[in-house]
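Enquirer: Pasting the sequence and the predicted coordinates here, then a few questions.
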Amino acid sequence: MKTALALFLLAALAVSASTKNILVVIADDFGIDSHSLYNTNPAANPAGSLTGRAARLAQYKLIRWDTGAEKFYDLAADSIEATNLLTRPLADAPQASLDQLRARLAAWTNTPKIHAEALTSGAFIADAGWFVNADFTLWRTADLATVNWVRVTNAAVQDRGDTIRLTDPQPSGGKAFYRVRQE
């Protein structure tokens, strides 16, 4: 069984060297849980990245790897994803779809990530990752079991170039939990 699967994989990969994950198709045929499979061929992914995100709009699909590399396909004309449209100039319709897909991926991935936090000199400080048009707010609660988060209205927000620093100048005297939100 394993030999047949390996031969089938080799035959399928010889037909098309695309970023499409053929393992999911094969897994369904052999009754294997496809969520436990991933492509370990680093040549198929830019710079060896195994993770990224994809979005589709009508016939167009954009894949953005965590390395920042992108691939853009017209699935109506190229269902096996053999031709990356980003290797040549785009006409107006594909360019408009690419712009929309990039905006969609940016909206999904532009979430604040806390890189450091500290209670220093009587103030709570959180450093979040920087990204374009970041409008961060700091929120606090004393009990995670409730949904009663309160915005820290006197929080200072400072753009430090590679991070955004949020400071609660007067943290509560008891325990407190903080979160950063993108507004």
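Expert: Here it is on my side, so go on. Keep in mind that this is a model prediction, so the values were computed, not measured.
Enquirer: where do the helices sit along the protein?
Expert: Remark: helices assigned in the chain by DSSP state H are 2-15, 22-30, 92-109.
Enquirer: Comparing the ones you listed by mean pLDDT, which bottoms out?
Expert: Ranked by mean pLDDT, the helices of the chain bottom out at helix 2-15, with a mean of 38.
Enquirer: Count the neighbours of the nearest residue to residue 183 once chain neighbours are set aside for me.
Expert: Of all residues not flanking residue 183 in the chain, residue 135 sits nearest, at 4.5 Å (Cβ to Cβ, 6 or more residues apart in numbering). (Each C-beta comes from the backbone N, C-alpha and C, glycine too.) Neighbourhood size, residue 135 [other Cβ atoms under 10 Å]: 9.
Enquirer: Also residue 140?
Expert: By the criterion of other Cβ under 10 Å, residue 140 has 17 neighbours.
Enquirer: contacting residues for residue 117?
Expert: 124-127, 178 (Cβ atoms under 8 Å, 6 or more residues apart in numbering).
Enquirer: Please name the bridge partners of it.
Expert: Counting by DSSP bridges, residue 117 forms beta bridges with residue 126.
Enquirer: before we move on, the earlier item: is it possible to get JSON lines of the contacts of residue 117 that adds distance to residue 90?
Expert: What follows is these, written out as JSON lines (distance: Cβ to Cβ, whole Å):
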{"residue": "124", "distance to residue 90": "47"}
{"residue": "125", "distance to residue 90": "44"}
{"residue": "126", "distance to residue 90": "40"}
{"residue": "127", "distance to residue 90": "38"}
{"residue": "178", "distance to residue 90": "43"}
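Enquirer: Now, of those, which are buried?
Expert: Taking 16 or more other Cβ atoms under 10 Å as the criterion, what is buried in these is 124-127, 178.
Enquirer: What is the nearest of these to residue 54?
Expert: Residue 54 has its nearest neighbour among the buried ones among the contacts of residue 117 in residue 127, at 29.9 Å by Cβ to Cβ.
Enquirer: That closest one against residue 120, yeah?
Expert: No. Using Cβ atoms under 8 Å, residue 127 is not in contact with residue 120, being 11.7 Å away.
Enquirer: Please consider this matter closed, and thank you.
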